[in-house]
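**Student:** Sequence and predicted model, in that order:
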Amino acid sequence: MTALIHSTALIDPKAQLHPTVSVGAYSIIGPNVQIGADTVVGAHCIIDGHTTIGQGNHFYRFCSIGGMPQDKKYAGEITHLAMGDRNMVREYVTINTGTVQDGGVTRLGSDNWIMAYVHVAHDCQIGNQTILANGVQMGGHVHIGDWAIVGGLVAIHQFGKIGAHSMTGGQSALHMDIPPYVMGSGNPCVPVGINVEGLKRRGFSTESISALRDAYKIIYRRGLSMSEACAEIRRRQQSEPAVASTLQPLLDFVEASARGIIRP
């Protein structure tokens, strides 16, 4: 392990690093940190807190990972940060641990691309294969689903939810939830259609994309209440079983949204 650790790095003896972990110059790793195989920690990074990091992650210089939550209710309780595998974390990213008021864990999945200056606040739950562009800022307790793309400088209100396969345009201000598959943009963020190109790239069938377009029109163009729209989408599921599983995440998200979904 010694050959992979720069001589100026400060690694607490209690930290658990796989022998293949690389740590750059002047980085600091705290006592309650676990880092999996083939992870690269660049120069001038700080990884602290009760933090568990999987395999093959790459932290560029000046990242601050596992810091205490920026929450005035925090009173020094032991809370955690858990990260999966193969995440790319660019310069000046900050990721905080959770709070006991939520599940106590900030969690990121695998294969995420987290660009420079992104802030992942306490108790956020990030899925897999997401792209968070430069300067995305999220409040506490934000949830982001798999394959979501969040544009640069987007601000996400605390407790906000962004659905899987959605796309949020740059500089949007997100006060409400973005359903799965939907594109949103603006301040305030409003819906602008289905993320058709993204779905095509991920292998969604023409039939599934057509069903999602129809569901979007049912929710946003027909003047229906949300309960009426959901009932109409269920009828579509019953009449076309082949697209039922594609529509279900949209239904589940809309019905569970506490803040309400973005509206025109």
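**Tutor:** Now that the structure is in, tell me what you want to look at. Numbers count the residues shown, from 1 in each chain.

**Student:** Just list the residues touching the spatially most central residue of the chain, thanks.
**Tutor:** Taking CA atoms, centre = their mean, the centroid of the chain lies closest to I126, which sits 2.9 Å from it. Counting by CB atoms under 8 Å, 6 or more residues apart in numbering, I126 touches R107, L108, G109, N112, V120, L132, I144. The C-beta positions use only the backbone N, C-alpha and C, and glycine is treated the same way.

**Student:** Of these, which belong to helices?
**Tutor:** Per DSSP state H, helices hold no members of these.

**Student:** if we take those, which one ends up nearest to N96?
**Tutor:** V120 (6.9 Å; CB to CB).

**Student:** okay, now that closest one: neighbour count?
**Tutor:** Residues lying near V120 (other CB atoms under 10 Å) number 28.

**Student:** Make sure I156 is actually in contact with V136.
**Tutor:** Yes. The pair I156 / V136 is scored as a contact, 7.3 Å apart, by CB atoms under 8 Å.

**Student:** Between these two, which contacts overlap?
**Tutor:** V150.

**Student:** quick one: the strands in the stretch 151-264 of the chain?
**Tutor:** For the stretch 151-264 of the chain, the strands defined by DSSP state E, counting those that start in this stretch cover 155-156, 161-162, 167-168, 173-174, 182-185, 190-194.

**Student:** how about the helices in the protein?
**Tutor:** 196-201, 206-220, 226-239, 244-256.

**Student:** Please name whichever of these is nearest to D102.
**Tutor:** Relative to D102, the nearest member of those by CB to CB is helix 244-256, separated by 16.3 Å.

**Student:** Please name every helix or strand in contact with that closest one.
**Tutor:** Contacts defined by 3 or more CB pairs under 8 Å, 6 or more residues apart in numbering; DSSP states H and E place helix 244-256 against helix 206-220, helix 226-239.

**Student:** ok, G145 - contacts?
**Tutor:** G127, T130, K161, I162, G163, A164, H165, S166, P180.

**Student:** Quick one: end-to-end distance for stretch 47-67.
**Tutor:** Terminal residues of stretch 47-67 are spaced 8 Å apart (CA to CA, to the nearest Å).

**Student:** Same question for stretch 60-76.
**Tutor:** In stretch 60-76, first residue to last residue: 28 Å (CA to CA).

**Student:** Contacts made by that stretch with the rest, please.
**Tutor:** 24, 30, 33, 42-51, 53, 59, 79, 81, 89-99, 101, 116, 121-123, 140.

**Student:** Are any of the residues you listed buried, and if so which?
**Tutor:** Neighbour counting with 16 or more other CB atoms under 10 Å marks 24, 30, 33, 42-51, 53, 59, 79, 81, 89-99, 101, 116, 121-123, 140 as buried within these.

**Student:** on that earlier part again, using a markdown table, lay out the helices and strands packed on helix 244-256 together with mean neighbour count.
**Tutor:** As requested, those are exported to a markdown table (neighbours: other CB atoms under 10 Å):
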| stretch | mean neighbour count |
| --- | --- |
| helix 206-220 | 18 |
| helix 226-239 | 14 |
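
**Student:** Include mean pLDDT and distance to P13 when you put those helices into a markdown table, please.
**Tutor:** Supplementary listing: those in a markdown table, determined by pLDDT from 0 to 100; distance: least, CB to CB, whole Å:
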| stretch | mean pLDDT | distance to P13 |
| --- | --- | --- |
| helix 206-220 | 98 | 53 |
| helix 226-239 | 97 | 55 |
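
**Student:** Arrange these in TSV, one row each, with distance to V190 as further columns.
**Tutor:** Shown next, in TSV, are the helices and strands packed on helix 244-256 (distance: least, CB to CB, whole Å):
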stretch	distance to V190
helix 206-220	10
helix 226-239	16
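
**Student:** between those, which gets nearest to P249?
**Tutor:** Short answer: helix 206-220, nearest of the helices and strands packed on helix 244-256 by CB to CB, at 10.1 Å.

**Student:** need the contact list for the nearest residue to S208 once chain neighbours are set aside.
**Tutor:** Nearest residue to S208, sequence neighbours excluded (CB to CB, 6 or more residues apart in numbering): T246, at 4.3 Å. Counting by CB under 8 Å, 6+ apart, T246 makes contact with F204, S208, A211, L212.
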